[in-house]
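Engineer: Provide a 3D model corresponding to the input given below.
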Amino acid sequence: MKKLFLIFFVFLILRADVVNDSNINVLEALNIEDSFLLNPTLQKQYKEYAYRKKRYFLNILENGYDILPIIRKSIQKSNIPPELIAVAMAESYFMLDAKSHKRARGLWQFMPKTAKRFGLRIDSYVDERLDPIKSTQAAIDYLKYLHDYFGKWYLAIMAYNAGEARVVEAVVRAKVDKLCKIEGKSCKNDPDIKKYRKIIREYQQKGSRAYLPLYKLYKKLSHIHITLDDLLRYQPGLKRQYLPKETRKYIIKILAMSFLFNNDEFLKYSNSYILNSGVTPSFDKVTVPGGTSLFYVAKLLHMSYKELREHNLHLKNSFTPPYKYYIYIPYKKIAYFKEHFKPKHFFYVYKVKKGDTLLKIARKFDTKIRYIRDYNRLGRYLRVGQRLVIPMNSKFVKYRVRNGDSLAGIARRFNISYKKIMKLNDLKSTVIRVGQILKIPQRY
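Structural biologist: Residues are numbered from 1 along each chain as shown. All right, here's what the predicted structure looks like:
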């Protein structure tokens with residue numbers, strides 16, 4: 001008897017850590033029944049984060065120091081549950097350049113097709129999945145769409161991970177199983193149940209080609225109530241559970257993280273400044289002409305190229321696309337930038353010689369054929385004497401020494417001191433040889 005009382009007492013202590021008004025509010029915001037707080041998997045995950053993995057969790061928050069204000073502000077404006085911050089946390093650990101083996105990228109781990117569907121540009125010059133502001137708005141739009149589709153936030157979150165169709169299938173299967181129990185029908189012999197199971201099987205075999213009948217069944221069974229516990233319940237003997245293992249872990253992880261976000265004791269431990277890291281973002285957007293060099297902007301603003309690049313990971317190169325575009329710069333430098341910025345490009349003007357091809361020229365300047373085509377609006381052919389604008393992706397031009405060249409002559413051609421060329425290439429003397437590759441610093 002004493003042993004049973006002790007077990008019950010320990011259970012109450014552990015239960016008290018999870019079962020509280022704050023966590024109930026989280027569940028209600030995501031349309032989950034309060035009883036789910038007693039789910040043992042959820043309790044285990046929460047305690048692991050709260051006690052054994054405290055430092056790990058804080059490291060994730062520190063990654064998001066500059067990102068959290070952006071997400072919070074966007075979510076507040078969009079009138080969706082603030083708990084959805086945990087989706088970004090679970091997807092990328094707040095790392096802007098996160099990528100998966102499935103080609104998902106960025107803070108919200110968008111796949112290319114979904115990213116374009118929700119307004120993110122991906123081309124040879126930019127990948128806006130790596131833009132924290134644009135990708136956050138796209139993620140909010142996607143989650144709102146999923147909420148409209150399913151009517152519940154927790155289903156929207158799982159669909160964000162597994163896809164709409166996979167969650168529709170899970171809901172239909174769980175409802176069909178529940179229908180058997182509610183009405184006492186035989187799952188083997190009832191004609192309606194047999195028809196429903198056939199629709200499910202055909203979808204599993206044919207995929208999108210058989211989705212419409214499955215979706216119609218999903219709507220037809222809307223009167224059958226199921227819970228998150230129902231969807232996560234393990235079905236012995238079945239290889240294909242209602243939901244993929246990854247998705248089952250995903251929703252638990254997001255709930256555990258959301259509980260910690262709302263835990264007063266944890267916030268005290270974490271020096272809550274991390275979660276209140278600025279009312280506004282530390283950087284802002286400015287529009288610049290096509291081909292603007294980040295090297296030039298960094299020099300203009302008296303900051304390192306590396307720091308500026310970290311705010312502009314959505315740019316695939318060190319220059320902007322051949323169309324009017326935007327970059328992010330530190331908020332405190334906006335006024336200075338607007339006063340002193342003059343359109344200036346980090347290009348090299350190259351004169352086409354006999355025997356030149358676009359491939360040769362691209363290799364010479366360590367760039368891509370497409371960039372040269374786009375910036376010069378080229379047709380099929382080059383002509384000798386034609387001048388090409390070469391967008392540069394580094395601070396240097398690679399120059400191959402030709403017969404008759406001298407270091408002084410090369411320096412004059414590039415309007416730079418020969419001593420700078422010597423220093424950059426670690427030359428001990430002015431002697432150079434035919435075929436030697438020299439790095440030439442560009443002026444901007």
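Engineer: From residue 289, how far off is residue 339?
Structural biologist: Note on residue 339: its distance to residue 289, by C-beta to C-beta, to the nearest Å, is 17 Å. Every C-beta, even on glycine, is put in place using the N, C-alpha and C of the backbone.
Engineer: Of the two, give the one with the bigger neighbour count.
Structural biologist: With other C-beta atoms under 10 Å as the criterion, residue 339 and residue 289 differ in neighbour count, and residue 289 comes out ahead with 14 against 7.
Engineer: Nearest spatial neighbour of that one, chain-adjacent residues omitted?
Structural biologist: Leaving aside its sequence neighbours, residue 289 sits nearest to residue 343 (C-beta to C-beta, 6 or more residues apart in numbering; 4.7 Å).
Engineer: tell me which element the one you found falls in.
Structural biologist: For residue 343, there is no enclosing helix or strand under DSSP states H and E.
Engineer: Surely it touches residue 287?
Structural biologist: No. Here residue 343 does not reach residue 287: they are 11.3 Å apart, not a contact under C-beta atoms under 8 Å.
Engineer: hang on, residue 95 in a strand?
Structural biologist: No. The assignment for residue 95 (DSSP: H, G, I helix; E, B strand; the rest coil) gives coil, which keeps it out of a strand.
Engineer: what's it sitting at in phi/psi?
Structural biologist: According to degrees, to the nearest 10, the main-chain angles of residue 95 amount to phi -100, psi 120.
Engineer: give me the number of residues near it?
Structural biologist: Counted by other C-beta under 10 Å, the residues lying close to residue 95 total 14.
Engineer: And for residue 149?
Structural biologist: Burial measure for residue 149: 15 neighbouring residues, criterion other C-beta under 10 Å.
Engineer: show me what contacts it?
Structural biologist: Counting by C-beta atoms under 8 Å, 6 or more residues apart in numbering, residue 149 touches 156, 159, 164.
Engineer: in the stretch 251-400 of the chain, which spans are helices?
Structural biologist: Counting by DSSP state H, counting those that start in this stretch, one finds helices in the stretch 251-400 of the chain at the ranges 264-269, 294-300, 305-310, 334-340, 358-364, 369-376.
Engineer: Would you indicate which residues of the second one are buried?
Structural biologist: What it means is helix 294-300. By neighbour count, and taking 16 or more other C-beta atoms under 10 Å as the criterion, the buried residues in helix 294-300 are 294, 295, 296, 297, 298, 300.
Engineer: Ramachandran angles for the most centrally placed residue in the chain?
Structural biologist: The centre of the chain sits closest to residue 106, judged by C-alpha atoms, centre = their mean, with a distance of 1.9 Å. Dihedral pair for residue 106: phi 90, psi -180, per degrees, to the nearest 10.
Engineer: I'd like the distance between it and residue 315.
Structural biologist: Taking C-beta to C-beta as the measure, residue 106 falls 13 Å from residue 315.
Engineer: for the stretch 101-250 of the chain, what spans make up the helices?
Structural biologist: Ranges of helices within the stretch 101-250 of the chain are 112-117, 132-150, 153-162, 164-183, 191-206, 211-220, 228-232, 245-261, based on DSSP H, counting those that start in this stretch.
Engineer: do you know which of those helices lies nearest residue 84?
Structural biologist: With C-beta to C-beta as the criterion, residue 84 lies closest to helix 132-150 of the helices of the stretch 101-250 of the chain, at 6.1 Å.
Engineer: Now do that closest one and helix 153-162, the angle between them.
Structural biologist: Relative orientation of helix 132-150 and helix 153-162, computed by axes from the mean of the first three to the mean of the last three C-alpha atoms, to 10 degrees: 120 degrees.
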